[in-house]
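Engineer: kindly generate the corresponding structure for this input.
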Amino acid sequence: MKSMHFTRLSSMTVALLGPCLTAGLAQEAVPGGPPGPPSAVSLEQRADLFMARKMFREAIEAYGRIEPVTAVTLNKIGVAYQQQYDHAEARRYYQSAIRAKPDFAEAINNLGTVYYTRRSYRRATALYKRALALQPLSATIHINLGMAWLARHNDAEWQRHLQRALELDPGILERRGGYGVMIEERSTTERAKFDFYMARLYARNGKPELALQYIRKALECGFKERNKLLEDEDFAAVRKLPEFDELMKRPPKVL
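Structural biologist: Take a look at the predicted model:
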């Protein structure tokens, strides 16, 4: 989000791309083991290294020693708690970060992911809208808002925000390894619908190979409306792929 670089932690994909830090995590110099001596790095860099190594308790302790306390630090502590599935503490720190900096889009988005995880979809939607108003070019927030609308069965808004996210960052889903925990919590029918619409979005964006991958995923989740795949004009380029014919003749086993 914002124009600066943000590293998203991948161990918990909450609202598709999950909570965001307000700065990139420091790169690890040595794999494994605790970070180096305090003299070698600043306290915040040390805490960031703990985060990169998924040592979240140590990260929380290190961030808590940073003075003065800032909205950025509070947000990072919230992320660390959320990575430990302590949503109550994560919410408390995100709220503190927002009080310290009311226009803090990252913390507002992150608070939305907490409410999404708790299935408070209306609250999550409101928070994502607020974050998006502050960062309208954030592909991440567009995805999160789109998924909140999907949870509320508003397909039109969901597709609109997914489309915009792909326009802003065409490779965002592939780089982040798919749709993660959030969609896995939902029924296979909903996942099939998600995959079908993702296939359509990629087909519309001139990426038939990626569209085909999502068609396969949709079929694996029991997608039954094959006529849409065979007749929808959006899939015209996909149907030209030899792999498409093979997939229609020998569809994958439903998971």
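Engineer: tell me how far residue 54 lies from residue 79.
Structural biologist: The gap separating residue 54 from residue 79 is 12 Å, by CB to CB, to the nearest Å. Heads up, the C-betas are built off the backbone N, CA and C, glycines and all.
Engineer: which one's more surrounded, the two?
Structural biologist: Using other CB atoms under 10 Å, the more surrounded residue of residue 54 and residue 79 is residue 79, with 30 against 14.
Engineer: just give the nearest non-adjacent residue to residue 100, would you?
Structural biologist: Nearest residue to residue 100, sequence neighbours excluded (CB to CB, 6 or more residues apart in numbering): residue 71, at 4.0 Å.
Engineer: show me the contacts for the one you found.
Structural biologist: Applying CB atoms under 8 Å, 6 or more residues apart in numbering, we find residue 71 in contact with 22, 97, 98, 100, 101, 104, 107.
Engineer: hmm, the second one is touching residue 74, no?
Structural biologist: It stands for residue 97. Yes - with contact defined as CB atoms under 8 Å, residue 97 reaches residue 74; the gap is 3.9 Å.
Engineer: how about stretch 83-97: buried residues?
Structural biologist: 83-84, 86-87, 89-97 (16 or more other CB atoms under 10 Å).
Engineer: one more: stretch 109-119?
Structural biologist: Of the residues in stretch 109-119, 109, 110, 111, 112, 113, 114, 115, 116, 117 count as buried by neighbour count, 16+ other CB under 10 Å.
Engineer: which one of the residues you listed is nearest residue 148?
Structural biologist: residue 116 (6.1 Å; CB to CB).
Engineer: for residue 45, see how far away the residue nearest to the closest one when sequence neighbours are not counted is.
Structural biologist: Setting aside the residues directly before and after it, residue 116 is nearest to residue 124 in space (CB to CB, 6+ apart), at 4.0 Å. Residue 124 is 32 Å from residue 45, where distance means CB to CB.
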